[in-house]
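Novice: Sequence and predicted structure, then a few things I'm wondering about:
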Amino acid sequence: MLAQSLFISAVLFVIGVVGVLTRRNAILIFMCVELMLNAVNLSFVALSRAYGMAGQVFVVFVMTVAAAEAAVGLAIIIAIFRHRESVNLSNINLLKG
Amino acid sequence: MLLQEAATAAAHPLAGTVARWIWLVPVLPLLGFLLNGALTLLGAAKIGPADPGVHDDHASHGNAHDPAASHDDHAVVRHRFAGLVSLIGPGVLALSFVLALAIWWALRGAHVEAPYIASYFTWLLAGDLRVDFALQVDALSMVMVLVITGVGTLIHIFSVGYMQDDPGYPRYFAYLNLFVAFMLVLVLGASFPVLFIGWEGVGLCSYLLIGFWFNDKANADAGKKAFVVNRIGDFGFLIAMFLLFAHFGTLDFEGVRAAAGSLPFGGAVITAICLFLFLGCAGKSAQIPLYVWLPDAMAGPTPVSALIHAATMVTAGVYLIARSAFLFSMAPVAQLTVASIGALTALFAATIGLKQWDIKKVLAYSTVSQLGYMFVGVGVGAYTAGVFHLVTHAFFKALLFLGSGSVIFAMHRAYHATHNHEDAQDMRNMGGLRRMLPWTWALMWIATLAIAGIPFFSGFFSKDEILSSVFARAHGSTLAEASLLGIPGGTLLLVIYAVGLAAALLTAIYMTRMMLYTFHGPNRTGEAERAHLREAPWSMTAPLVVLGVAGAIGGWLNLPAILSFLGPTEILHHWLEPVVGAAALQVTLGESAHLEHSTELVLISIAVGIAVLGIVFAVARLKTTALVPAREAAPSTGIERVVEEKYFVDEIYDRTVVQPVLQGSRKVLWRFFDAGIIDGLFVNGSAWLARAVGWIGSQLQSGNAGTYAWALVIGVIAVLGAFSLR
């Protein structure tokens, strides 16, 4: 049971990674990041069966952080969209130092 | 080790006597240097000859003066500390001389074999190397100290008159005092490194004094040349010291002497040590191939030439070989090399002396030639003969130089009075000075007869002893059994003897030529100048008289046994026996090297005959009436020009050594290595590299989140991969 859970978790994580790397739409990348977080949450839950409750506690923390991140991230995306009329990340290089 | 040394020092008969003041002998001149140096700084806001217009040297060439410069505004102003300096400069040296005499007297009374070593502090201590700053009192060092302080005092006194009007008067005495201090360290040092302090110190003072009138570029260049050529020799000296330390583990003379026997006789190591030492001597004592600096060194004031470049410093090489006699006696090949080079130098320099017109240049080549004789002496293991010639040469050559200084002084004053810019040193401008300078004339003839080897003058005895020693060692000595470049030692020594005789003939000729052209025949100075030619003041003539007496009777220091009716014989020989006796006996296979009396008489007759022949030839052939003043003289041609131009040796050195080094330095070391490799590759290259790395880094900072994500993922995979593969 553990092995299958971890396998699914890994598959979900990889899908998330590939999505982040290949997509250009900020919303899609954002969703893929969420997918990766939830893949990790799945593995935490699965492992908590074997190693104790700490994993499940951690999942609550991750979900909290993910919710906060979603709020901030979406706000940034909306701000960018208002400014540029686009959420295509290949056109945005504001991170340059 | 310290205790042991202290015990031996305490046990020495000289301990507790006046010899414990030996440190004062070099320190007194050093004190004089400091005082005179302080007065130099006090006396002038600007150090050195201030204004070339005001500056007026007595000995520089006439053409060195700007012909357009007017001498009307020239007022000679004595230095304001001149009186004090005149007291300190010669005074400290006179004190040193008196002290040296006292120590010599104590040493004479003590009758000791071992040297008295006064150790003051440990100078170098590194691993196995330990060098104490120690002074050594023994027979050889005391002979040198007496010559240096004695002749040095006379030359200092002469300088007071000679340099009186020079604006650099205190600076001159500061340098001269410093020179004597270093020279005394050189001869008193108890180990090779301490000797080397003095060796380098006198080189420095020589450089400073040759370039004393440094406003004239030629003088400064001459100083530089002396310094650079001496560095070549010093390289040899240093290598020799490294070899000595590598093989003996000590650099004290006594330590090396005790350990030297462990090396095989005539082996490669001992020969190499001796040859490298001789390279150092060739530099300092102006032997082929490093003699070229000495004639140029005449650019300095004439008393400097007398003290440094005739009487003392240039004989340091002879002293070094006599001091290392125990090494040289074990290396016959090196000895033959020394003697051959000495003989070659003696002949070669004598031929150049034949055609020089500058009175000081004649004496300079004569000095090179006489130094060659000394090297023949110490080279064949006749160390006493070499040192004997060193002493007598110090007397008569100092006399000759001071005499020439007196002549130049008079000539310069005469030209100065009439505002003439002729060369005051060119013999073609002299002639007939006998009537104006009778004292100088008489005293210089004494020195000339001495250097030519006329019987009963000092040079006769010393030169004859060298030549007869060479002849005696052609049979039954370690030298005769060795060979150099395939030539058997016995044959080579006979050749050296013949070359020595030839050089003696030339010596007699060129010295007589100098005397004839300077003092005899008609005067060529000029109508107006003639009235101003007169003898220098007594303060300058008196040292000449003292040296004249020494030059005349100096031979009594070491009369040959065959002339026992003249007085006690071989005084110097017995005196030096504790230092060089064993080494000299080793060369002559343990037997005293005396020749049959009849043979010796024949040799003496030949030498005297040759000297007389040379003088007679010169008097008969040279027509003083045919000479014209320098400015009217036609340039010489053919072989005469080659000799007058010193065989173009300077030019050959320039082409074969100086220019290749210069061009090599300029093109390879500067343009290629310094500008190309160091500046281009290392300095600018590292800057370029930093810039390139920065550019690559900046390209990674695209600001595109996708790129960063890729970098992140690759990084994570790399880290995870590294962990899993560990």
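Specialist: Received it, and whenever you're ready, just let me know what you need.
Novice: Tally up the residues packed near residue 14, please.
Specialist: You didn't pick a chain, so chain A it is. Using other C-beta atoms under 10 Å in any protein chain shown, A:Val14 has 13 other residues around it. No exception for glycine: its C-beta is placed from N, CA and C like everyone else's.
Novice: Correction: the question concerned chain B.
Specialist: B:Leu14, neighbours per other C-beta under 10 Å, totals 23.
Novice: For the chain, give the helix that spans the most residues.
Specialist: If you meant another chain, say so; for now it's chain A. Under DSSP state H, the helix in chain A containing the largest number of residues is helix A:54-84.
Novice: sorry, should have said chain B
Specialist: Using DSSP H, we find that the single longest helix of chain B is helix B:383-417.
Novice: buried residues in whatever helix or strand comes next after that one?
Specialist: Using DSSP states H and E, the helix or strand that follows helix B:383-417 towards the C-terminus is helix B:438-452. Across helix B:438-452, burial judged by 16 or more other C-beta atoms under 10 Å in any protein chain shown covers B:439-441, B:443-452.
Novice: Which of those sits closest to chain A?
Specialist: For these, the closest approach to chain A (C-beta to the nearest C-beta) belongs to B:Ile451, at 87.9 Å.
Novice: That closest one is in contact with B:Leu363, isn't it?
Specialist: No: applying C-beta atoms under 8 Å, one finds B:Ile451 not in contact with B:Leu363, separated by 9.7 Å.
Novice: Residue 27 - nearest residue in space that isn't next to it in sequence?
Specialist: If you meant another chain, say so; for now it's chain A. With C-beta to C-beta, 6 or more residues apart in numbering or on different chains as the criterion, A:Ile27 has its nearest non-adjacent residue at 6.1 Å, and that residue is A:Val87.
Novice: wrong one, I was asking about chain B
Specialist: That would be B:Ala181: by C-beta to C-beta, 6+ apart, it lies 7.4 Å from B:Val27.
Novice: ok, now how distant is the one you found from chain A?
Specialist: 69 Å (C-beta to the nearest C-beta, to the nearest Å).
Novice: and if you look at B:Phe121?
Specialist: Distance, B:Phe121 to chain A, using C-beta to the nearest C-beta: 64 Å.
Novice: One more: B:Gly198?
Specialist: With C-beta to the nearest C-beta as the criterion, B:Gly198 and chain A are 67 Å apart.
Novice: show me the contacts for that residue.
Specialist: Contacts here follow C-beta atoms under 8 Å, 6 or more residues apart in numbering or on different chains; on that basis B:Gly198 touches B:Phe182, B:Met183, B:Leu184, B:Val185, B:Leu186, B:Val187, B:Leu188, B:Gly189, B:Ala316.
Novice: give me that answer again for 10 Å
Specialist: Residues in contact with B:Gly198 (C-beta atoms under 10 Å, 6 or more residues apart in numbering or on different chains) are B:Pro26, B:Ala181, B:Phe182, B:Met183, B:Leu184, B:Val185, B:Leu186, B:Val187, B:Leu188, B:Gly189, B:Met313, B:Ala316.
Novice: Now tabulate those residues in JSON lines and tack on neighbour count and secondary structure.
Specialist: Listed next are the contacts of B:Gly198 as JSON lines, based on neighbours: other C-beta atoms under 10 Å in any protein chain shown; DSSP: H, G, I helix; E, B strand; the rest coil:
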{"residue": "B:Pro26", "neighbour count": "25", "secondary structure": "helix"}
{"residue": "B:Ala181", "neighbour count": "27", "secondary structure": "helix"}
{"residue": "B:Phe182", "neighbour count": "24", "secondary structure": "helix"}
{"residue": "B:Met183", "neighbour count": "31", "secondary structure": "helix"}
{"residue": "B:Leu184", "neighbour count": "30", "secondary structure": "helix"}
{"residue": "B:Val185", "neighbour count": "24", "secondary structure": "helix"}
{"residue": "B:Leu186", "neighbour count": "28", "secondary structure": "helix"}
{"residue": "B:Val187", "neighbour count": "26", "secondary structure": "helix"}
{"residue": "B:Leu188", "neighbour count": "26", "secondary structure": "helix"}
{"residue": "B:Gly189", "neighbour count": "25", "secondary structure": "strand"}
{"residue": "B:Met313", "neighbour count": "29", "secondary structure": "helix"}
{"residue": "B:Ala316", "neighbour count": "24", "secondary structure": "helix"}
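Novice: Would you convert the residues you listed into JSON lines that also reports pLDDT and distance to B:Pro543?
Specialist: Formatted as JSON lines, these follow (pLDDT from 0 to 100; distance: C-beta to C-beta, whole Å):
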{"residue": "B:Pro26", "pLDDT": "92", "distance to B:Pro543": "22"}
{"residue": "B:Ala181", "pLDDT": "94", "distance to B:Pro543": "21"}
{"residue": "B:Phe182", "pLDDT": "95", "distance to B:Pro543": "22"}
{"residue": "B:Met183", "pLDDT": "94", "distance to B:Pro543": "18"}
{"residue": "B:Leu184", "pLDDT": "94", "distance to B:Pro543": "20"}
{"residue": "B:Val185", "pLDDT": "94", "distance to B:Pro543": "25"}
{"residue": "B:Leu186", "pLDDT": "94", "distance to B:Pro543": "23"}
{"residue": "B:Val187", "pLDDT": "94", "distance to B:Pro543": "22"}
{"residue": "B:Leu188", "pLDDT": "93", "distance to B:Pro543": "24"}
{"residue": "B:Gly189", "pLDDT": "92", "distance to B:Pro543": "28"}
{"residue": "B:Met313", "pLDDT": "91", "distance to B:Pro543": "19"}
{"residue": "B:Ala316", "pLDDT": "93", "distance to B:Pro543": "23"}
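Novice: closest to chain A among these?
Specialist: Using C-beta to the nearest C-beta, those come closest to chain A at B:Phe182, 66.6 Å.
Novice: these two touch, right, that closest one and B:Leu208?
Specialist: No: judged on C-beta atoms under 10 Å, B:Phe182 makes no contact with B:Leu208 at a distance of 11.2 Å.
Novice: still on that earlier bit, shared neighbours, B:Ile451 and B:Leu363?
Specialist: Shared contacts of B:Ile451 and B:Leu363 (C-beta under 10 Å, 6+ apart): B:Lys397, B:Leu400, B:Tyr510, B:Met511.
Novice: from memory the first one sits against B:Lys360, does it?
Specialist: No: with contact defined as C-beta under 10 Å, B:Lys397 does not count as touching B:Lys360 (11.8 Å).
Novice: Find the residues that touch each one of these two.
Specialist: Shared contacts of B:Lys397 and B:Lys360, counting by C-beta under 10 Å, 6+ apart, come down to B:Ser305, B:Ala306, B:His309.
Novice: which bits of chain A sit near chain B?
Specialist: Counting by C-beta under 10 Å from any C-beta of the partner chain, chain A comes close to chain B at A:17-18, A:20-24, A:26, A:29, A:33, A:89-97.
Novice: Quick check: residues of chain B near chain A?
Specialist: Proximity of chain B to chain A (C-beta under 10 Å from any C-beta) is limited to residues B:698, B:701-710, B:712-713, B:716-717.
Novice: Can you get me a residue count around the residue of the stretch 551-700 of chain B found nearest chain A?
Specialist: Nearest residue of the stretch 551-700 of chain B to chain A: B:Ser698, at 8.6 Å (C-beta to the nearest C-beta). Around B:Ser698 there are 11 other residues, counting by other C-beta under 10 Å.
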